[in-house]
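Asker: Here you go, sequence then predicted model.
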Amino acid sequence: MDKIISVIGSYGEVVATDRIVFAISCSSSKPTAEEARDSVEKRQKYITQSCINDGGKDIRENCLLTKSGDMFTFIKETRVTLSSAEKLDILRNKFVEKLDNSIKLHDTLYGFKEKTLAETSKRAFTNACKVATDKANHLCNNMDVKLGECIKIEELSADWIQNSHLANNFTEREYRCTVQAQYRIIH
């Protein structure tokens, strides 16, 4: 009968988000619809060009014109996708520095590209297996036996950890994988 050793290996990795989507709203209230629109469009050119210059992708714009009493309000919302939190900070600082309080950044969502998710999952599984193998080797050395072939690896858990103490809550997430591995022991 084969003697078997069973160990658990766990590995976590903090990954920076590589897909950030946010909205910028610019508004103006004037006596005529044309004046309100023109006021927004002047600032909007700067907003759009800044987003393009600083790596913005998938830029989409929506407009809304309303009338309340004698005033027309024109609002233009721009949705932008960026690849890092650093790029968002650069844009945010530019807009605060150059534009007035009629510009608002909102609805910021942080996420990952599918490729990042797949690569992180694969890397975490591989490293969790290495941790399990190292543990098994250490135990075998302490028992004066040799570690044989791996006969079974089972993934016990693999998931993104919310509110990890290792990750920045907005711009990073921790992915953790835990495996159970069984090895033959050679006397």
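Answerer: Arrived safely.
Asker: Show me what counts as buried in stretch 7-15.
Answerer: Val7, Gly9, Tyr11, Gly12, Glu13, Val15 (16 or more other C-beta atoms under 10 Å). The C-beta positions use only the backbone N, C-alpha and C, and glycine is treated the same way.
Asker: Tell me the secondary structure of the second one, please.
Answerer: Classification of Gly9 by DSSP: H, G, I helix; E, B strand; the rest coil places it in strand.
Asker: Not counting its neighbours along the chain, what's nearest it?
Answerer: Leaving aside its sequence neighbours, Gly9 sits nearest to Ala132 (C-beta to C-beta, 6 or more residues apart in numbering; 2.9 Å).
Asker: Go ahead and confirm the one you found touches Thr178.
Answerer: No: Ala132 is beyond contact range of Thr178, at 9.2 Å (criterion: C-beta atoms under 8 Å).
Asker: how about the strands of the chain, start to end?
Answerer: For the chain, the strands defined by DSSP state E cover 4-16, 19-30, 57-68, 71-82, 103-111, 146-161, 172-186.
Asker: so which of those gets nearest Asn127?
Answerer: Using C-beta to C-beta as the measure, strand 4-16 is the one of those that comes nearest Asn127, at 3.9 Å.
Asker: Show me what the lengthiest helix in the chain packs onto, helices and strands only.
Answerer: Identified as the longest helix of the chain according to DSSP state H is helix 114-142. Contacts defined by 3 or more C-beta pairs under 8 Å, 6 or more residues apart in numbering; DSSP states H and E place helix 114-142 against strand 4-16, strand 146-161, strand 172-186.
Asker: got the ones you listed as CSV, with distance to Ile24 columns?
Answerer: Formatted as CSV, the helices and strands packed on helix 114-142 follow (distance: least, C-beta to C-beta, whole Å):
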stretch, distance to Ile24
strand 4-16, 22
strand 146-161, 28
strand 172-186, 24
